[in-house]
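Next one to model:
(chains A and B)
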Amino acid sequence: MSAWLRQHRRAFGQALRRLTKATGLASALVIGIALSLPAGGYTLLESLRAIAARLTLEPQISLFLQPEAKRAEAEALGKRLRTDPRVATLRFVPREDALRELQAVEGFPELIAALGRNPLPDAFVLSTNAAAVDALAADLAKLPGVAHVQADAVWARRLAALAGIARLGLWLLAGLLGTGLVAVTFNTIRLQILTQRDEIEVSKLIGATDAFIRRPFYYLGLLQGLAGGAMAVGIVAAALALLNREVGVLAESYGSSFRFAFLPAGDALAVVLFAGLLGWLGAHLSVSRHLRDIEPG
Amino acid sequence: MVSFSSVAKRYPGGQEALRDVSFAIGEGELAFITGRSGAGKSTLLKLIPAIERPTSGSVIVKGQNISALKRAAIPYLRRNLGLVFQDQKLLYDRSVYDNAMLPLAFSGHAPKEAARRVRAALDKVGLLGRERSNPIQLSGGEQQRLAIARAVVNRPSLLIADEPTANLDAESAARILEIFVAFNQVGVTVLIATHDQGLVARYGKRVLHLEKGRVA
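As a prediction, the model looks like this:
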């Protein structure tokens, strides 16, 4: 084994021993708890986004015809709508199809059976762009045979804005706690340097290079960050498992099988690696600042 | 091996530790640096491994000008020197063996070779049976001998000791000096600072006497 590799193995072993002491583990836990907040928030947001994706965010207009409208009238209206340049996509929903869809929903078949006839009108679902949606909806309402026009744009916009705010909030939180992680590592490494002051001084006196002296501290920062990141992922996983037990009961009462999904493996790995990187950065800042102070003389 | 020419060292605050010091130590020589406390012995020795830099004049060690040495080159200079300090600077959180091993950790020797060297060094100073002890369990003389073992484990050609016999009884002090003499006999250049004139007189070696920062 080369001398270089041997020195790295030695530094790594030293760092690992220090990490597994109580103070090292406590610091890793602090990092883990801090990071579990943005990581957990991100996980919840991603789960909710999966639901929101099913409710399309593209401005949509539903146009309901008079219940007594004939199919031919509906087809004529469809032709007219297709010529409107503001209409991006157009889908005709015959009342029979709408009824079939409704019957698939929990609780509705009984209700429909009680009515004894199809209460639903023919409808068009059309998508447009956000700028045109309000004017288009107003125009459509004036067309003959149209009973009701519903524009979903407002709440779609609100949902998008809310998701944006939540995401920004999470990024701010992640930035803040990431800085905290760097500070925690900075301080752990500072204390470690103070504890090993004698060893560092003697090592410098008998010919250790700066790189040799710094190496175990860099490894300690990196390992502590990685351990903290792994703890954060573990905390999120445990919290989700607890949460999902309750969510499951609630979702079932709505006939849904919704559960919060755990972070994708790639994202979980990214959290751990990012924490390791920040730990390394904290060690770098600390070592640069504090090792120079220890000069034999 | 070591040559000083017109070396002066002034500490911040104006205290002049050395003034116009010139001398040369040849290869294989053993020399004592004597003088009272505060005469500048420690300062003189600290200039050689670049623990201190001269204010003026030049210090040449093994052909390298210490005054002009880059910071990054200092560790490599020190690896080729054996340093023994008055306060030993042992590490009390590890065994005698690991203390002697310390210099080999960063010079990159293979583990077997390193172990062999450590045992050889401990053998030379008579501590081979105490490898597993903690330095705190050793007597003053034994601690100083451990410091010597650590200094020679890299097989330096120049050994520098600052008051290695201070705080030791006469018998322990004599034993320490005999170790240095033994290293000198196998070709190591040795430079020892001491205030113990009686000890120096017994060996009849070269003496540099410092008085108020000057070679008297």
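
what about the closest residue to chain B within the stretch 51-200 of chain A, which SS state?
Chain B sits closest to A:E199 of the stretch 51-200 of chain A, with a gap of 5.6 Å, by C-beta to the nearest C-beta. To be clear about C-beta, it is placed using only N, CA and C from the backbone, and glycine gets the same treatment. Three-state assignment for A:E199 (DSSP: H, G, I helix; E, B strand; the rest coil): helix.

what number of residues lie near it?
Number of residues near A:E199 (other C-beta atoms under 10 Å in any protein chain shown) recorded here: 18.

again, but for the one 3 residues further on
Using other C-beta under 10 Å, A:V202 is surrounded by 22 other residues.

Phi, psi for it please.
Dihedral angles of A:V202 (phi, psi; degrees, to the nearest 10) stand at phi -60, psi -40.

What's the separation between it and B:A147?
10 Å (C-beta to C-beta, to the nearest Å).

lowest-confidence helix or strand of chain B?
For chain B, the helix or strand with the lowest mean confidence is helix B:197-203, at a mean of 83 (criterion: mean pLDDT, DSSP states H and E).

what do A:V202 and B:A147 both touch?
Jointly contacting A:V202 and B:A147 under the rule C-beta atoms under 8 Å, 6 or more residues apart in numbering or on different chains are B:K89.

which is the next helix or strand following the least confident helix or strand of chain B?
Downstream of helix B:197-203, the next assigned helix or strand under DSSP states H and E is strand B:206-211.

Now do the buried residues in that following strand.
B:L208, B:H209, B:L210 (16 or more other C-beta atoms under 10 Å in any protein chain shown).

centroid residue for the chain?
In the absence of a named chain, this looks at chain A. Residue closest to the average C-alpha location in chain A (C-alpha atoms, centre = their mean): A:Y42, at 2.9 Å.

nope, chain B
B:I160 (2.3 Å).

from what I can see that one touches B:L47, true?
No. In this structure, B:I160 is not within contact of B:L47 by C-beta atoms under 8 Å, at 10.3 Å.

Which stretches in chain B count as strands?
Shown for chain B, the strands assigned by DSSP state E span residues B:2-10, B:16-25, B:30-34, B:56-61, B:64-65, B:81-84, B:158-162, B:189-194, B:206-211, B:214-215.

what helices or strands is the fourth one leaning on?
Okay, so that is strand B:56-61. Counting by 3 or more C-beta pairs under 8 Å, 6 or more residues apart in numbering or on different chains; DSSP states H and E, the packing neighbours recorded for strand B:56-61 are strand B:2-10, strand B:16-25.

cool, and the last one?
The elements that strand B:214-215 packs onto, with contact taken as 3+ C-beta pairs under 8 Å, 6+ apart, are strand B:16-25.

is chain A contacted by the strand it packs on?
No. Using C-beta under 8 Å from any C-beta of the partner chain, strand B:16-25 stays clear of chain A, coming no nearer than 12.3 Å.

partners of that strand, with directions?
strand B:2-10 (antiparallel) (DSSP bridges).

List the buried residues of the strand it pairs with.
B:V2, B:F4, B:V7, B:K9.

What is the nearest of these to A:V146?
B:K9 (100.0 Å; C-beta to C-beta).

what pLDDT does the closest residue to B:L128 other than its chain neighbours get?
Residue nearest to B:L128 in three dimensions, not counting chain neighbours: B:L122, with 4.9 Å by C-beta to C-beta, 6 or more residues apart in numbering or on different chains. B:L122 is assigned a predicted lDDT (pLDDT) of 94.
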